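Participant: Fold the stuff below for me.
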Amino acid sequence: MTPLRSADGLLHDFQVHQSGPEMRNGAVESSFADRGERMRVAEPQREDPDSLVGILDAAVDGVCQVDCSGKLLAVNRAYCQYSGYSSEELLRMRLSDLEATEGTGTTTRHIQQIIAQGRGRFESTHRRKDGSIWHVDVSAFCCNPADGRVFAFVRDMTDRRASEEVLRASEERYRRLHETLSDAFVMTSMSGRLLRWNDAYQQMLGYSADELSRMTYVDVTPRKWHAMEAEIVASQIIPSGRSEVYEKEYVRKDGTTLAVELRTILLRDNEGRPEAMWAIVRDVTERKQAENRLRAAFHYARSLLEASLDPMVTISAGGKIMDANKATETATGISRETIIGSDFCDYFTEPEKARAGYQQVFSMGYVTDYPLAIRHVSGVATDVLYNASIYRDESGNIAGVFAAARDITKLKSAQRELENTNHEILMLGQMADLLQSCHSAEESFPIITATMAQLFPESSGSCFIIDEAGSLLEEVSSWGDATPTEKHFSPDDCWALRRGHLHSVGFGEFVNPRCKHLRAENAPYACVPLLAHGKTLGIIYLSSYSAFENETLTQHRRNLAQAASDSISLALANLKLRESLHALSLHDSLTGLFNRRFMEETLARDLSRIARIDNPLVIAMLDIDRFKTINDRFGHDAGDVVLKEVARLMMGFRAGIDVPCRFGGEEFILILPEIATKQALSRLEQLRISIGELNLNLNGKVIPRVTVSIGVAVFPEHGDTATALIKAADNALYRAKRNGRNRIEVADSGRSELDRLN
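Facilitator: Numbers count the residues shown, from 1 in each chain. Predicted coordinates:
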């Protein structure tokens, strides 16, 4: 039994029934039953510290009882303190009188709903006695809908509302701040899911907001950056709360990549646990492209510098070397790192003369053929002629001097000539030995190229081979710089082939006409024919080699070129002979198709290759229907005509790397690598129809048209070895025979190809 004060000033005894879990506001659901006994307010309250009145008056939340119209029937001390009214004042009021917005009737509607439903909860805004606003959270219940009394717990939500407004305003300022940033920003969860971003980030990637909301950083980051970024999170962001600026790439929606620069900050929750990561993202694609262009320009300039066989240096206005090529290192015997930053004049036997020449460059803008001697660390001096000119910076001011030296020392001596000759003979012998070991002409071309490049290091050149018809020469290999000649030309375009011996232009000859296959007008060159056993095999073309600088050396080089040509010609002739014999051993003599031996080797090789790249392979076995009848009725010559015509169609049918073979008798095999089964079956159906339309005759006598039955097997579906595939195709062929001939059957399938297509 618990007494509560009512509106009429009396105390009512209530029996309290407490049940259920705590409500969300921390209150306990209780039911109160009026026992009907009334006591005057003036009567002293029982001094029972355990009574519910004492508990409710000590409660932080307000507690009240109202009738169905919202009139306050009972209140506790906390409710009086929150509202600013005394209990006497409150017991003369309705809850609606406390609403901050008059006339809405919101509280009355909530009371009616609670009476109807038994319980409920709502939020409202009340006004205190002093006029200030009081935000409340009301949790109420009605024990007896008949008497319409509602018991309510009222929690002051004013401070929380104020905090929420401050937080909302802060978030709005935060959002507006980042929307105005020129850089992109993104917030991700610790698992990488994209949580928040600005328009700049969205435009950078090209995704819609809805698409980004379903993505993680992994979806927009190329795989190669995943490990690096995980390491940055583990080693920088989590331990220190932020990362250093780092670079990575993003993948846009259209598949293109862009380079970005990021700085990431760790966000923690109230308990200090990592909650999210916030990153400023800057697109540095243009900067990277500019850096790459600058780097490419630098490498290009360096490559030009290093491509020169002459010593080259760039010198500052103060006379210090800023860069040097490999040839300079060779001439001085000093490393590039040591040379850079040193005085230009220190590397000559006459430093003052070098300094005078350097000053002359500044006064005249250039010097030409200025004589000096470079001093090697070994003490050997090399006579050179220097050519130098100034170069300017972006502002047009003189930045320094570019200087190149040309060695004018006589390098060739009798011993050197002998050594060179011995080396050339050795090279020719090695080439001949290697060429004799080649199995095909294609194997010989790299050997020829490497040998010619060493025999004529100062030149560029090409090797041309004539086709079987003798009507076209084709470049098969080259060395040195790009040669100024056509890649394909007629034998009549080359004077060396017309004359049958070496033909050179530009090395002292003033009468020799230029070959038509040359594109450049003035470049000196020589063409050396490749001849053997009275047959033309091709030519060796040599272009613009500086070694042809005097009569004696020109003749020596001509003799060397002719000796190389003779060795190459003999080797190529032998290779062609061996290739012809080999081809005869691999082809069927009657039909010209590949024979069974070649088929077995090719199929085994193709299966190994196909298995590695996980591609399909189709094998088809063809058999001429009722071929024995043709032999019996028209003779074996007629049968040969049929076999040849079918083979001719198969040769025309082949595409790419298809291999048509005669398997034996009237049976053929067609290997179709790297082709889908459906496409292969469609092509085989066309072949079957074409064979059936052949017009055959022998010496004017008409031979009846023939048909073929075809069995098809597919790797790896019907077998993973050559034997298994051939067996599967053979079984399919015999099924085609049993099912009426002139049809296609696929291994392990009861349907004909025509049925499948239909």
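
Participant: Glu468: how many residues sit nearby?
Facilitator: Burial of Glu468 is recorded as 7 neighbouring residues (other C-beta atoms under 10 Å). Yep, even glycine has a C-beta here, placed from its N, CA and C like the rest.

Participant: So it, which state does it fall into?
Facilitator: Here Glu468 is recorded as coil under DSSP: H, G, I helix; E, B strand; the rest coil.

Participant: what's the spacing between it and Leu435?
Facilitator: 20 Å (C-beta to C-beta, to the nearest Å).

Participant: same question, Thr382
Facilitator: 39 Å.

Participant: to the chain's geometric centre, what's the distance from stretch 234-244?
Facilitator: Centroid separation for stretch 234-244 versus its chain: 29 Å, with C-alpha atoms, centre = their mean, to the nearest Å.

Participant: mean confidence for it?
Facilitator: What stretch 234-244 shows for mean pLDDT is 93.

Participant: mind checking the end-to-end distance for it?
Facilitator: End-to-end distance for stretch 234-244, by C-alpha to C-alpha, to the nearest Å: 13 Å.

Participant: Equivalent analysis for stretch 265-284, please.
Facilitator: Across stretch 265-284, first to last residue, C-alpha to C-alpha, it's 20 Å.

Participant: Give the buried residues for it.
Facilitator: Using 16 or more other C-beta atoms under 10 Å as the test for burial, stretch 265-284 gives Leu266, Ala276, Met277, Trp278, Ala279, Ile280, Val281, Arg282, Asp283, Val284.

Participant: Now compare those and name the two farthest from each other.
Facilitator: Ala276 and Val284 (24.3 Å; C-beta to C-beta).

Participant: Neighbours of Ser580, how many?
Facilitator: Residue neighbour count, defined by other C-beta under 10 Å, stands at 10 for Ser580.

Participant: now it: how far from Asn574?
Facilitator: For Ser580, the distance to Asn574 - C-beta to C-beta - is 11 Å.

Participant: Kindly report the same for Ala140.
Facilitator: Ala140 is 111 Å from Asn574, by C-beta to C-beta.

Participant: So between those two, which is more surrounded?
Facilitator: Higher neighbour count among Ala140 and Asn574: Ala140, with 23 against 15, using other C-beta under 10 Å.

Participant: residues contacting the nearest residue to Ala59 once chain neighbours are set aside?
Facilitator: Nearest non-adjacent residue to Ala59, counting by C-beta to C-beta, 6 or more residues apart in numbering: Ala78, 5.6 Å away. By C-beta atoms under 8 Å, 6 or more residues apart in numbering, the residues touching Ala78 are Asp57, Ala59, Val60, Asp61, Gly62, Val63.

Participant: For the last one, what are phi and psi?
Facilitator: Here the main-chain torsion angles of Val63 (degrees, to the nearest 10) amount to phi -130, psi 140.

Participant: How many residues are close by it?
Facilitator: 22.

Participant: If we ignore the residues flanking it in sequence, what's nearest it?
Facilitator: Setting aside the residues directly before and after it, Val63 is nearest to Asn76 in space (C-beta to C-beta, 6+ apart), at 4.2 Å.

Participant: What is the neighbour count of the one you found?
Facilitator: Neighbours of Asn76 using other C-beta under 10 Å come to 23.

Participant: In terms of pLDDT, where does it sit?
Facilitator: Here, the pLDDT recorded for Asn76 equals 91.

Participant: now do the one 4 residues further on
Facilitator: The pLDDT attached to Cys80 in the predicted structure is 92.

Participant: quick one, what contacts it?
Facilitator: Contacts of Cys80 by C-beta under 8 Å, 6+ apart are Ser86, Ser87, Leu90.
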